[in-house]
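**Student:** sequence first, then the predicted structure:
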Amino acid sequence: MDGQCNRQAIGPCSDAGGADTTASGPASHAEGSETVASGSAAHAEGYRTNAAGDSSHAEGSTTVAAGSASHAEGFTTEALSDAAHAEGSYATASGEASHAEGSRTLAAGDVSHAEGSGTEALGTAAHAEGYQTTAAADSSHAEGSGTTASGSASHAEGYRTAASLDAAHAEGSGTTASGPAAHAEGESSSAEGESSHAEGTGTRSIGAASHAEGSGTRAAGDQAHSEGLGTEASGLASHAEGRSTDAFGPYAHAEGASTEASGESSHAEGAATLASGTTAHAEGSNTVASGNFSHAEGYQTTASGTYAHAEGSLTAATAFNSHAEGYETQASGYAAHAEGNATIASGNDSHAEGATTTASAFAAHAEGNTTVASGGNSHAEGNATLAQGTNSHAEGSTGRALGINSHAEGFNGEASGDNSHAEGADTIASGTSAHSEGSLTTASGNFSHAEGYQTQALDNYAHAEGSLTVASAFNTHAEGYQTTASGYASHAEGSGSSATASYAHAEGLTTEASGYGSHAEGVSTVASGSRAHAEGGNTTASGNYTHAEGLQTTADQAGSHIMGRYGTTLYPYSWHVANGTSAANPGLAAVLQGSTGNMYIDGSYFSGGADYAELYETVDGAPLEPGYFVTLEGEQIRPAEAADGYVLGVTSAVPTLVGDAAELRSPDAYLRDEWGRIVLETVTIPAELAPDGTVIAPAYAVEQPVVDPAYDPTVPFVPRRLLPGWAPVGLIGKLLVRDDGSCAPNGYCLPGSGGVATTAANGYRVLSRTGPNQIRIQMK
């Protein structure tokens, strides 16, 4: 005890500070003036505060913390229950874990919260705030001024609002939420139905889950919604909005001004519209949707047919599934569609659009200006076009599609053939499935095609394109400028070219393919032989199966081929290279004769190898590597020994020329005479005739080898070069030889042991040493 300041720390481990303080509880703390901390671990501070509860805290002036772990602060506040908190002025927190703050507030319910002035939170977990608000029910919330939340979990806010049933919410001024889970907001609104919502001024939501908003609106039907001014939604789940609108039918929707939606699930919007059909929709001004599932919009439109749609001005959709739009249009056919200005769709499933168009047939379509689609499934578009054929299509200006499935487009075109197509200007497609395009073109053959300028496809399957071209035969194709394809299945292209024979092809400039299946290309070439090919400049392939290319070459022997310039072939089925200097001085640089296999050249032969060799078979049939001296045993070879008196040559790795090679075919394929020459015979190749008996290629004679009757062409052929028991033997020239290291340049060598060279007084000249055991020699 401190006698001078009257501090009494009575409790064990307690502490008293200030003046006239008492800490009587264990571990308590009293400080300030005339404070008492009587609870265990309590804390009192300030002036005349009392912390009576265990672990309580009282601070401020004349506050009391009586509950365990309670807290009182401010002026004349009381925290009377465990864990309660009172603060402010004359606040009382009497509920367990409650909180009172502000002025003259009361938190009586457990876990409640009162704040502001004169507020009361009486229910468990209730919350009152603002001025003179009351949260009387459990979990309720009152805020604002003079509000009451008397329903469980209700919420009242604003001015003099009341939320009287469970989960109700009232806000604004003078509103009432009297239905369960109802919501009223605005001014003098009333939410009377269960889960209803009223907002705005003087609105009523009477039906369950209804919604009224705006001014003077009424939502009487269950799930109904009224909004705007003076609207009424009396139908089940109906919706009225705007001014003086009525939604009478179930699920109906009226909006705009003075509209009426009387049909079930109907929708009326705009001004003075009527939607009387089931699921009908009327919008715009003075429109009527009287057909079930109909739609009228615009001005004075009528949709009287079931599923009909009228829009625009003064339009009428009178038939089932019809659609009229634009100005003064009529859709009188089943599922018909009329749009634009004064159009008529009178055929079932027809469509008329544009200006004064008519679609009078089944599934017809007319569009543009003054067009007529009178054929079933026809389509007319553009200006003054006519689609008369079934499934026809006319477009552009003054075009006519007269044939079945025909198509005319562009200017003044005519498609009179069934399945035909005319496009461009002044074109004609008169053949079945013909196609004419461009300008002044004609496709008169069935399945023909003419395009470009003044082209003509005159026969079946013909194709003419470009300018002034003519495809006059079956399956022909002419393209480019002034070309002519007159042979069956022929093709002419380029400029001034002509393909006059069957299957011929002429291309380039002023070329001519007059032989059966021939091909002429380049400039001024002629392919007159059957299957001949001429290319380049001024070349001629006049023999059958010939090929002439280059400059002014001629292939007149059957099956011959010539290239280069200024020359003529010598042998049939042979290859020629021309090297003449002019047309007056022709010449040949090389010839490979087909019948003999002989080759002739007017010049030198250059090669990268250094020796002439021939292929020999080894005695034991085993491979023999390069660089060995060899000798003969009969016609076969083996490595030479020092005692051998005859050396054939050295096995070579890179000979310049190899004899006895049999590289391209078996040496036994053809008969030979006693000197090894191939036996030749002259055979006559019969004439080739077309199916109609026309001679395609006349008969001719040709010289060719005689096949050995014992030869079997089915046995796979392998060149000797690839057989393991054959080796090339260099007979003349410079060759690399294996040596025993004794040979020296400018000296001589002979075979030693196993075909390996050794030094000698005479023999083969050593040119150089190329490795420790390799030298280069000269074979004579």
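**Tutor:** Sure, I can see it.
**Student:** list the residues that contact residue 652.
**Tutor:** 611, 613, 626, 728-730, 735 (CB atoms under 8 Å, 6 or more residues apart in numbering). (Glycine included, C-beta is placed from N, CA and C.)
**Student:** residue 52 - how many residues pack around it?
**Tutor:** 21 (other CB atoms under 10 Å).
**Student:** name every strand pairing with the top strand by length along the chain and say which way it goes.
**Tutor:** Across the chain, the strand with the greatest residue count (assigned by DSSP state E) is strand 726-738. When pairs are called by DSSP bridges, strand 726-738 turns out to pair with strand 611-618 (antiparallel), strand 649-651 (antiparallel), strand 774-779 (antiparallel).
**Student:** buried set for it?
**Tutor:** Neighbour counts over strand 726-738 (16 or more other CB atoms under 10 Å) mark 726-731, 733-738 as buried.
**Student:** each with direction, which strands does the worst-scoring helix or strand of the chain on mean pLDDT pair with?
**Tutor:** Least confident element among the helices and strands of the chain, by mean pLDDT, DSSP states H and E: strand 695-697 (a mean of 82). Strand pairing for strand 695-697, determined by DSSP bridges: strand 688-689 (antiparallel).
**Student:** low-confidence ranges in this structure?
**Tutor:** Counting by pLDDT under 70, the chain contains low-confidence ranges at 1-3.
**Student:** can you list the domains in it?
**Tutor:** 472-603, 611-657+719-779, 665-715 (automatic domain parsing).
**Student:** the chain: helices as residue ranges?
**Tutor:** Counting by DSSP state H, the chain has no helices to list.
**Student:** and for residue 698, the neighbour number?
**Tutor:** 11.
**Student:** sorry, wrong one. I was asking about residue 715.
**Tutor:** Neighbours of residue 715 (other CB under 10 Å): 8.
**Student:** can you name the residues that contact it?
**Tutor:** Counting by CB under 8 Å, 6+ apart, there are no residues that residue 715 touches.
**Student:** measure it to residue 145 for me?
**Tutor:** Residue 715 sits 118 Å away from residue 145, taking CB to CB, to the nearest Å as the criterion.
**Student:** just residue 77 next, same as before
**Tutor:** Taken as CB to CB, the span from residue 77 to residue 145 is 23 Å.
**Student:** do residue 412 as well
**Tutor:** 87 Å.
**Student:** equivalent analysis for residue 397, please.
**Tutor:** Applying CB to CB to residue 397 and residue 145 gives a distance of 80 Å.
**Student:** likewise for residue 708?
**Tutor:** Counting by CB to CB, the gap from residue 708 to residue 145 is 128 Å.
**Student:** for the residue nearest to residue 595 when sequence neighbours are not counted, name its beta-bridge partners.
**Tutor:** The spatial neighbour of residue 595 that comes closest, neighbours along the chain excluded (CB to CB, 6 or more residues apart in numbering), is residue 703 at 5.1 Å. Beta bridges link residue 703 to residue 682, judged by DSSP bridges.
**Student:** can you start the count at 42 instead of 1 from here on
**Tutor:** Renumbered: residue one is now 42, and that last one reads residue 744.
**Student:** ok, residue 744 - contacts?
**Tutor:** Neighbours of residue 744 in contact, by CB under 8 Å, 6+ apart: 613, 636, 721-724.
**Student:** burial count for residue 646?
**Tutor:** 8.
**Student:** repeat for residue 751
**Tutor:** The burial count for residue 751: 7, using other CB under 10 Å.
**Student:** how about residue 627?
**Tutor:** With other CB under 10 Å as criterion, residue 627 counts 17.
**Student:** spatially nearest residue to it, not counting backbone neighbours?
**Tutor:** According to CB to CB, 6+ apart, the nearest residue to residue 627 is residue 621 (3.8 Å).
**Student:** tell me the contacts of the one you found?
**Tutor:** Contacts of residue 621 by CB under 8 Å, 6+ apart are 605-608, 627-628.
**Student:** and residue 118 and residue 186? which has more neighbours close in?
**Tutor:** Remark: of residue 118 and residue 186, residue 118 carries more neighbours, 29 against 16, as counted by other CB under 10 Å.
**Student:** against residue 138, how distant is the more buried one?
**Tutor:** 16 Å.
**Student:** what's the answer for residue 56, then?
**Tutor:** 28 Å.
**Student:** how about the contacts of residue 744 in TSV, adding neighbour count?
**Tutor:** Formatted as TSV, those follow (neighbours: other CB atoms under 10 Å):
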residue	neighbour count
613	23
636	15
721	13
722	11
723	8
724	10
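**Student:** pull the most distant pair out of those residues.
**Tutor:** 613 and 722 (14.1 Å; CB to CB).
**Student:** so residue 397 is in contact with residue 408, correct?
**Tutor:** No: using CB atoms under 8 Å, residue 397 is not in contact with residue 408; the gap is 11.4 Å.
**Student:** more crowded one of those two?
**Tutor:** residue 408 (22 against 15).
**Student:** if I look at that one, how far off is residue 431?
**Tutor:** For residue 408 relative to residue 431 (CB to CB), the value is 19 Å.
**Student:** also residue 79?
**Tutor:** 111 Å.
**Student:** neighbour count: these two, which is higher?
**Tutor:** residue 79 (22 against 18).
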